[in-house]
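Asker: no letters, just coordinates:
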C-alpha cells in the first residue's frame, strides 16, 4: 500500500527534471523501440484543460438534465442532440449540435449548498478543511502538464489580473495568472535598451552562469537560469495575450460581449499550448425568476461556447483539450414561490469532453423528477480524479515537493474510469 | 510559573556548564563525526571572501558591503573567522535578522490580522538579545492567550491562525516538533508508517477546546478555552475509533483529572464572557514544553538551527522527521540535540559553534579525490548484512505491536460502558445542579416574600398596640375605634398570610434540601464512576504508552535500516563511479587502439591504391602492346598469304607453261616465258620464306607480349582483391571507433550523473556546501547593497542626523559618538528601504501559510529584474552608487575588480577582467550604459542569486 520514498539514497529530482530526462531519452528511443514510460509521458505532454465556470450555480434542469413535463421540470422542453437518445435543454440549441464531442455526468452529489464551499469542492476536488491548503485544479494541471520550455504561464484565469495564491504547496509558479487582454507586467523591453544590446548583456549573463555553474549546478540553478530565457521568450510572445490579434470575423462569431471575448481569448491561449485556462460566466444564482434568468444567461452562453467547441474540434485540438463546464452546485428541482430555484448539491450535472473523455456518453442518472441520484453517484472528489485521468495523469500518484509527498487528488476517491478512453 | 522556569533554567545552565568543562568544543565534535562518517571526498574550507559572504548572508541576511569585504580579507589576525562570528552574533543587525528568520519560521509569512508582524519581531528580537531559552520562548508562545499586555505579541502564533484547532495541530506539530501530521488527520498517514491518527489527535487534544474570542471587533482578539471537548477520531479507511488526551509527538499521553460539571470553570461561560476553565489544556502543553520538553522538541529545534546555518537539516525536510526519512547522521543529530538541550535550549551558542565548524566553512566544489574503495566495498557488505539482521528484528517488534494492540483494543472496549456511565452521571450532576439552582431560587423568592410579610406584620402589630392604647386612653372616639378595627382586621389578615408563607417557606426549604441531597448523591455517584473509570483510563494510557514505546522501537529499527540503506547506496555510488572510470579508461584504450588500427589501414590502403594505379597503367600498356602485336601478326600473315597466293599462281602458270611447252615443243617465246616465270617464282618463293620468317618472329613476339600481359593482369587483379579486403577492414575499424565513441559518450554521461549524485550526497552529509537560493529578504537587501542604493541611503540618513544635531567640534574625534550615529543611520536606512524590500517578498516569497524554504523561479521575477523600473533605477548611475563609480573609472581592471567585489564579493579572474574590457570596447562611447549592462549581467547571474 505504502509508496515508499527511496529515503536518502535517492535524489528528489523535480518532476520537470525527470520529464526532461525522459524527453532526452525519448528522442533517442523514437528511432528504435519507444518505451512505455516515454510514450505515456508524451501522451500527457500535449494535453490541456479548459474550465468554463458558471458562477452562482447553474440549473441542471435548464441545461444537462432536463425533466420536461414533471412537477419540477419548468417550462422548457428537452431537445434532441447530435447523439441519438441524448436530450438536453432547449436553452442550448447550438451546444446540442456538438454533444457528439461532449459527455454528461448526471449523477453528481456534492451534498452542499454553500457558494464558497461548493466553489472550493469543484475546483480543488476535496472539501475545504481548516488548516489545510491544497492546490487548485489549475495549479495541479500547470505543474503536471508543464511545458518545460514554454515561456507562457501554465495556469491562466480570464478575466482578472495578477498572480493568485491558489497553488498551495506547489508554489507561486503554478498559481493562476489573471489575464485581462493586456500583456504581462514588465514584458516589454526597457526603453533604454535595444534588442541587440539586451542580447549583449544577456550574453554576458550567460557566460557568467556557464563559468559558475560549470563547476557545480543543481535543479534550482537550472530552473533559475531557465527563467531568464523564458522571460525573453515571453517578451517575444506578448501578443498571445492580445485578443485583438484575432480576426474581426471571429470576434463577430464569438460575440463582442465579455463571455464571447473570453471564449475567443481561451481559444487563443489553448492554441498557444497553455496547459490550463479557466473562464467564467456569471449570474446563475437564480432564487428569483429562474427561468427568465436562465433563458437570458444561457442564451449568451450557448453561441460562444458552441463556437469554441466547434473551433477546437475543427482545429484538431479537441483530442488533446479537456473541456469542463462546471458550477459550484446545481439548483433545486423544487420551484419556489418566486419562480426561482435555490441552492442544491444533491443531484446535479457536469458536462465535459475532449482529451481522453469518451465522447457522446452519459454517466449516472437522476430519478424522474431529478430529486435524487439513482445510478452511478459520484462526488467532486471523483470528478477531480476523472479530470486528471482524462489528461493522461495518474490521479493516484503524488507530487514530490522538496521531499514532501502530496497526493494529486483525494486518495479516498477515484476516477470515473468508464468515461475515460 | 515564570519563576519556576528560571530556576529550572538555572539548574540546566549549571549542569551544562559542568558538562562543557570536560568536553572538547562542540564544533570539534561535529567535524569529527562528519569526517568519520563521510563516504566520499570532502570539500576544502573556503577562502576569506567566500566565508564572509556566507557569514554575512546567514547572520545579517545580506551580502557584505565592499568595505566589509575588504576589511575582513585584509585582517591579518589569527582566528579572525571566530572573532568575526562572535562580533556578528552580538551585532544588532544580526538580532534583527534572526528575529525575521524566527518570525518566518513560526508564522510562515502570516501576520497583521490581530498582532502586527513588526511587534512580533520586536518581541522575538528581545528574546534573541537575551538569548532566552527556546523552550521558554516556545512555552510563552504556546501559553499566550492574548490577555497579558506585556507579552501580547506572543499570542501571534495562535491568533494569526484564528485559533483554528486543526491548523494549530498541524503547525505545532511541524514547527515545534518537526512532524507534519496533516495527512494523519482522517486516517493513519497513507505514505508514512510513523505518523498515526492518534499522534495527530494527541496534539489536537491540546487545541480542541480553544477558540478565538472577540465579541467586540474593536477590542483585541483573545483566546478562550472551554473545559469540555475531546479529541475523538475515527479512521475513514478502517472505521477504527479512538479518543486520546493531550500528548506531544514522541511524548507520553498526559494524565488528567476529570472535573464534574460545576467544578470545571473559574469563570463560567456566558454570552460575551471569556470563560476560564480550571484545567487548561493550553497550559498543560506549555508547561510540558517549559518543564520537560520532549526529545522531539530538542531534536526539531537543534535541526532547524543547524539548517539556519547549513541550509539543510540533518533531517531534511525539517518538518518531516520519521524513520523513513532518517537523519543523515543519527550521531550528529543526537549530538546537536543533546548539546542544545544541555546548553539550555539557547540559540546563539549553537549558531556560534556551527559557524566555527569546518563543516560550515566547506566549499560547494568537491575535489575528485578517491577514498580507499576496498574499504568502501567492505563497509557496504557489512552494512548489507547488518540490514538483513535488522529486518528480522523489525518483524519481531511488529509482532509485539500487534499483540499490544489487541490488549489495547480490549481495554478500550471494557472502558466504553463506564465512560458512558461517566457521561450519564455528568448529565445527572448537571440536571441536579439545575434543579438545585431552581429550588434555591424558589426558596429565596419565598424567603424574600416571608421577610417582607414579617416586616409588614411587625409594623401592623406595633400600630395595633399603639392604637389600642390610644383607644383605651381616649374613650368615645369613634373614629379611633374604627381605625383600631381596621388595624385589627389588617393584622389578622397579614398574620394569616405570613403563616401561610411560613408554611410554604418550610416546604421550599425542604425542597432545596432535597435538591441539594440529590446533587450530592449525583456528585457522589459521579465521583464513584469517575473513580471506576480511572483504573481503566490508567490502563489504557499505560497500554497506549507501551504501544508508543514499541512503535518508537520499530521506528528506530526502521530508521537504522534506512540509514544503512542510504549509506550502502552512497558507497555503491562511489564504487559504481570507480567502476565506470575504470571502464572509461579501458574504453579509451580500446578507442585509441582501434583508432591506431584505423590509421594503419588507412595508410596501407592509400599506398595500395597508388600501387594499384601503377599496375593498372602497366596492364594497360601490356594489353596495348598485345593488341598492337596482334595487328602486326595479322598484317604479316596477310602479307605472307598474298605472297603465297602469288607463288601458287606462278606455280600454276609455270605448270601450264611447261605443259604447253611439251605440246608445242621448244617454243622460244614460251621458253622465255617459263624462264621469266621461274625467276619470278624463285623470287616470290624467296619472299615467301622471308615473310614466313617474319610471321614466325611476330608470332613469337606476340606470345611473349601476351604472357607478359597475362602476368601483369593477374597481378592487378590480385591487388584489386587486396584493396577490397583492406577497404572492408577499414570500414570495420571505422565502425569500431564509432562504437567506442558512443560507449565513451554513454560512460561519460553515466559518470557525470554518478558524480552529481556523489556531490549531492556529499552535501547531504555536510562534506561539502550546497548551492542554495537566497531568501526574499537576503536577495532584496543584497541587491540594495550591491547596487549601492543602501550605501546612498545610509549617507543621506547620516547627513540628516548630523544636520539635525550638528556634531560638536570637540566631538569631531569621538569615535564612539560617530559610530553610534553611523549605526543609527544604518537603522534609519533599513527602515526607509523597507518598502522596496516588500516588493521582493511579494515576488520571491511563497504564499502565507506555506513552508517558506521551497525554491521557485517565475518569469515575473525575471521580467521584474530584466525590465522593471525598480532595478533599472538602482542601476542608473547616481552619485556614489555602483554604476556611477564604474562609469567614472578609466582603468578597466580596476573597474572590473570593483564590479565583481561589489556584486559577487570576490575578485574577478583574468578572463573576467578581459571580458569586461572587451564588453566596454564594444560599447565604445556608451560607457555609462555599458557598466549598467555589466552590473545587470552579474546581479541576474546564478552566482549572485545563490549561496555557496
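Answerer: Arrived safely. Remember, it's a predicted structure, so these values are computed and weren't measured experimentally.

Asker: isn't residue B:583 up against residue B:747?
Answerer: Yes. If you go by CB atoms under 8 Å, residue B:583 and residue B:747 touch, sitting 5.8 Å apart. No exception for glycine: its C-beta is placed from N, CA and C like everyone else's.

Asker: okay, the two: which has more neighbours?
Answerer: Comparing residue B:583 with residue B:747 by other CB atoms under 10 Å in any protein chain shown, the one with more neighbours is residue B:747, at 19 against 16.

Asker: excluding chain neighbours, what is closest to that one?
Answerer: Excluding its sequence neighbours, the residue lying closest to residue B:747 (CB to CB, 6 or more residues apart in numbering or on different chains) is residue B:584, at 4.8 Å.

Asker: ok, then the element right after the strand or helix carrying that neighbour?
Answerer: Assigned by DSSP states H and E, residue B:584 belongs to helix B:478-664. Next along the chain after helix B:478-664, taking DSSP H and E as the criterion, comes helix B:668-764.

Asker: which strands or helices does that next one pack on?
Answerer: If contacts are counted by 3 or more CB pairs under 8 Å, 6 or more residues apart in numbering or on different chains; DSSP states H and E, helix B:668-764 sits against helix B:478-664.

Asker: need the distance between the two termini of stretch A:145-155.
Answerer: Stretch A:145-155 has an end-to-end distance of 10 Å (CA to CA, to the nearest Å).

Asker: quick one: is it near chain B?
Answerer: Yes. Residues of stretch A:145-155 contacting chain B under CB under 8 Å from any CB of the partner chain: A:151, A:153.

Asker: so where is the chain shaky, pLDDT-wise?
Answerer: You didn't pick a chain, so chain A it is. Where chain A drops to pLDDT under 70, the residues are A:1-45.

Asker: look at chain B instead
Answerer: B:1-22, B:190-191, B:369-372.

Asker: before we move on, back to that, just how off-centre is the helix holding residue B:584 within its chain?
Answerer: How far helix B:478-664 lies from its chain's middle: 21 Å, per CA atoms, centre = their mean, to the nearest Å.

Asker: what's it packed up against?
Answerer: Contact partners of helix B:478-664 among helices and strands, from 3+ CB pairs under 8 Å, 6+ apart: helix B:330-342, helix B:373-473, helix B:668-764.

Asker: and the angle from the last one to helix B:478-664?
Answerer: Helix B:668-764 and helix B:478-664 are oriented at 160 degrees to each other (axes from the mean of the first three to the mean of the last three CA atoms, to 10 degrees).

Asker: chain center to helix B:668-764: distance?
Answerer: Distance, stretch centre to chain centre, for helix B:668-764: 74 Å (CA atoms, centre = their mean).

Asker: then the longest one?
Answerer: With CA atoms, centre = their mean as the basis, the distance from the averaged C-alpha position of helix B:373-473 to the chain average is 46 Å.

Asker: which elements pack onto it?
Answerer: Using 3+ CB pairs under 8 Å, 6+ apart, helix B:373-473 sits against helix B:478-664.

Asker: residue B:93 belongs to a strand?
Answerer: No. Assessed by DSSP: H, G, I helix; E, B strand; the rest coil, residue B:93 does not belong to a strand; its assignment is helix.

Asker: spatially nearest residue to it (excluding sequence neighbours)?
Answerer: Of all residues not flanking residue B:93 in the chain, residue B:60 sits nearest, at 5.1 Å (CB to CB, 6+ apart).

Asker: and if you look at residue A:97?
Answerer: residue A:82 (5.5 Å).

Asker: find the closest residue to chain A in the stretch 251-400 of chain B.
Answerer: residue B:317 (4.7 Å; CB to the nearest CB).

Asker: burial of the closest residue to that residue other than its chain neighbours, as a residue count?
Answerer: In space, residue B:317 comes closest to residue A:403 once its chain neighbours are excluded; the distance is 4.7 Å by CB to CB, 6+ apart. Using other CB under 10 Å, residue A:403 is surrounded by 16 other residues.

Asker: please tell me I have it right and residue A:403 contacts residue B:318.
Answerer: No. Between residue A:403 and residue B:318 no contact is recorded; they are 9.9 Å apart, counting by CB under 8 Å.

Asker: mind listing what's buried in the helix or strand hosting residue B:934?
Answerer: Element membership for residue B:934, per DSSP H and E: helix B:927-939. Using 16 or more other CB atoms under 10 Å in any protein chain shown as the test for burial, helix B:927-939 gives B:927, B:929, B:930, B:931, B:932, B:933, B:934, B:935, B:936, B:937, B:938, B:939.

Asker: just to revisit the earlier point, want to try a markdown table for the helices and strands packed on helix B:478-664, with distance to residue A:245 as columns?
Answerer: Formatted as a markdown table, these follow (distance: least, CB to CB, whole Å):
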| stretch | distance to residue A:245 |
| --- | --- |
| helix B:330-342 | 59 |
| helix B:373-473 | 62 |
| helix B:668-764 | 43 |
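
Asker: show me the contacts for residue 158.
Answerer: Answering for chain A, as no chain was given. Residue A:158 makes contacts with A:178, A:179, A:180, A:262, A:265, A:266, A:277, A:278, A:279, A:280, as judged by CB atoms under 8 Å, 6 or more residues apart in numbering or on different chains.

Asker: looking at chain B here, not the other one
Answerer: B:144, B:145, B:146, B:168, B:210, B:223.

Asker: which residue, other than its chain neighbours, is closest to residue A:355?
Answerer: residue A:322 (4.0 Å).

Asker: helix/strand/coil for that neighbour?
Answerer: Quick answer, by three-state DSSP: residue A:322 is strand.

Asker: now for the residue lying closest to residue B:550 once chain neighbours are set aside: which residues touch it?
Answerer: For residue B:550, ignoring the flanking residues on the chain, the nearest one in space by CB to CB, 6+ apart is residue B:401 at 4.8 Å. Contact analysis of residue B:401 by CB under 8 Å, 6+ apart lists B:547, B:550, B:551, B:554.

Asker: next one: residue A:373
Answerer: Residues near residue A:373 by CB under 8 Å, 6+ apart: A:106, A:107, A:108, A:109, A:346, A:347, A:364, A:365, A:366, A:367.

Asker: buried ones among those residues?
Answerer: If we count by 16+ other CB under 10 Å, the contacts of residue A:373 have these buried: A:106, A:107, A:108, A:109, A:346, A:347, A:364, A:366.

Asker: can you list the contacts of residue A:158 in CSV and add secondary structure?
Answerer: Below are these laid out as CSV (three-state DSSP):
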residue, secondary structure
A:178, strand
A:179, coil
A:180, coil
A:262, helix
A:265, helix
A:266, helix
A:277, strand
A:278, strand
A:279, strand
A:280, strand
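
Asker: out of those residues, which are buried?
Answerer: For those, buried by 16+ other CB under 10 Å: A:179, A:262, A:265, A:266, A:277, A:278, A:279, A:280.

Asker: just the closest of those residues to chain B, please.
Answerer: Using CB to the nearest CB, residue A:179 is the member of the buried ones among the contacts of residue A:158 that sits closest to chain B, with 13.2 Å.

Asker: interface residues of the stretch 151-300 of chain B facing chain A?
Answerer: Contact residues (CB under 8 Å from any CB) of the stretch 151-300 of chain B with chain A: B:161, B:164-171, B:180, B:182, B:185-186, B:190-193, B:236-237.

Asker: thinking again about what came up before, residues shared between the contacts of residue B:583 and residue B:747?
Answerer: Counting by CB under 8 Å, 6+ apart, residue B:583 and residue B:747 have no shared contacts at all.

Asker: stretch B:915-925 near chain A at all?
Answerer: Yes. Judged by CB under 8 Å from any CB, stretch B:915-925 and chain A are in contact via B:915, B:919, B:922, B:923.

Asker: so which of these wins on neighbours?
Answerer: Ranked by the number of neighbours (other CB under 10 Å), the residues of stretch B:915-925 next to chain A place residue B:919 first, at 21 neighbours.
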